[in-house]
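Asks: Model the following, please.
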Amino acid sequence: MEHVSTSQMSPLPFLKGHGTENDFVIVPDPDNTVGLPAAAVARLCDRRAGIGGDGLLHVVRSAAHPEARHMAGEAEWFMDYRNADGSVAEMCGNGVRVFAGYLQRAGHVEEGELSVATRGGIKKVRLAKVPSGSGTATGDITVFMGRAELPEDGVTVSVGARSWPARNVNMGNPHAVAFVEDLAHAGELRTAPQCTPASVYPDGVNVEFVVDRGERHVAMRVHERGSGETRSCGTGACAVAVAAARRDHLDPAVTGVAVTYTVDLPGGRLVITERPDGEIEMTGPAVIVAEGLIDPVLLETVTA
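Replies: Numbers count the residues shown, from 1 in each chain. As a prediction, the model looks like this:
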């Protein structure tokens, strides 16, 4: 599908949503007719000059997108996810929940099971019935996040003079999980913490700092590559739960018993379950807070 230039565009519909305060600009574009270069995405995600968000959810039918056509037989919809700086990302766990919540709100899907195509593969989603009187909130949404990969590469995370060993976890995107004594030790997290050796993460990494709050209950902060510190990160929460389980000598594949961790983030709470077959389930809310129209002039100023 040929993209339409901004100079030819009518005002572009958008929505704004968040999952545990990990917030997104949502651009519905079923036929993939809207060009969204990195600079335009960055402008839309800018909290002063644009709409503001940790990322952008470009909602496209899989059959209409060259990166997703091979998944169209399994998933009608493709989450073309972009980081706040405009860079392309494989996956975003909170983003999938908000993406699915939007599809339900728009009447494209109903409660029950849904498949969403992402650059990290097909993600299964379970949508609850939207509670009456819920306003813009959806019911709880569970995303089946796939299996975690645990590369054996040794990694060290550093902030200022402090350093910690970190667990390398891949959830379709890369994570370095460091257990710390105090979340304040992570610093300001606007800039990326140093990870060594750099060769382990050639395309950058999401870095999570974690403290214990109780039995199978942790809290975290995260620096998301391309976005800085965010209020929540779904794939990060999954990576943290898996890393915490292995630290606690819990492996469902060995014991045959599912393990559930509660993960507190600055923006809310997610519940993460790792099943004996390795599948990881993430459950939490999604909220649509606004909808409106984007003036094409906003995009022309950065794409001209």
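
Asks: residues in contact with the closest residue to Gly256 other than its chain neighbours?
Replies: Nearest residue to Gly256 in three dimensions, chain neighbours excluded: Pro276, at 5.0 Å (CB to CB, 6 or more residues apart in numbering). Where C-beta positions appear, they are placed from N, C-alpha and C, glycine not excepted. With contacts defined as CB atoms under 8 Å, 6 or more residues apart in numbering, Pro276 is in contact with 252-253, 255-258.

Asks: Can you lay out those as TSV showing distance to Leu183, secondary structure and neighbour count?
Replies: As requested, the contacts of Pro276 are exported to TSV (distance: CB to CB, whole Å; DSSP: H, G, I helix; E, B strand; the rest coil; neighbours: other CB atoms under 10 Å):
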residue	distance to Leu183	secondary structure	neighbour count
Pro252	27	helix	19
Ala253	30	helix	11
Thr255	30	helix	11
Gly256	34	coil	10
Val257	30	coil	10
Ala258	27	coil	13
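
Asks: closest to Glu149 among those?
Replies: Ala253 (13.0 Å; CB to CB).

Asks: rewinding a little: what about the residue nearest to Gly256, which SS state?
Replies: Here Pro276 is coil, with the state taken from DSSP: H, G, I helix; E, B strand; the rest coil.

Asks: sorry, back to before: can I get the contacts of Pro276 in JSON lines with distance to Val210?
Replies: Listed next are the contacts of Pro276 as JSON lines, based on distance: CB to CB, whole Å:
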{"residue": "Pro252", "distance to Val210": "19"}
{"residue": "Ala253", "distance to Val210": "22"}
{"residue": "Thr255", "distance to Val210": "22"}
{"residue": "Gly256", "distance to Val210": "26"}
{"residue": "Val257", "distance to Val210": "22"}
{"residue": "Ala258", "distance to Val210": "21"}
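
Asks: can I get those residues in JSON lines with distance to Asn94 and pLDDT?
Replies: Converted to JSON lines, the contacts of Pro276 look like this (distance: CB to CB, whole Å; pLDDT from 0 to 100):
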{"residue": "Pro252", "distance to Asn94": "23", "pLDDT": "98"}
{"residue": "Ala253", "distance to Asn94": "26", "pLDDT": "97"}
{"residue": "Thr255", "distance to Asn94": "29", "pLDDT": "96"}
{"residue": "Gly256", "distance to Asn94": "30", "pLDDT": "98"}
{"residue": "Val257", "distance to Asn94": "27", "pLDDT": "98"}
{"residue": "Ala258", "distance to Asn94": "22", "pLDDT": "98"}
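
Asks: of all the residues you listed, which comes closest to Tyr102?
Replies: So of these, ranked by how close each gets to Tyr102 (CB to CB), first place is Ala258, at 29.4 Å.

Asks: residues contacting the nearest residue to the closest one once chain neighbours are set aside?
Replies: Leaving aside its chain neighbours, Ala258 sits nearest to Arg275 (4.9 Å; criterion: CB to CB, 6+ apart). Residues near Arg275 by CB under 8 Å, 6+ apart: 252, 258, 281.

Asks: of those residues, closest to Gly35?
Replies: Closest to Gly35, out of all of the contacts of Arg275 and judged by CB to CB, is Glu281, at 35.5 Å.

Asks: The helix or strand that contains that closest one pairs with which strands?
Replies: Using DSSP states H and E, Glu281 sits in strand 280-284. Strand 280-284 pairs in its sheet with strand 141-144 (antiparallel), strand 268-274 (antiparallel), by DSSP bridges.

Asks: between the ones you listed, which one is nearest to Leu293?
Replies: Nearest of the strands paired with strand 280-284 to Leu293, taken as CB to CB: strand 141-144 at 26.6 Å.

Asks: List the buried residues in whatever helix or strand comes next after the closest one.
Replies: Sequence order places strand 155-159 as the next helix or strand after strand 141-144, per DSSP H and E. Of the residues in strand 155-159, 155, 157, 159 count as buried by neighbour count, 16 or more other CB atoms under 10 Å.
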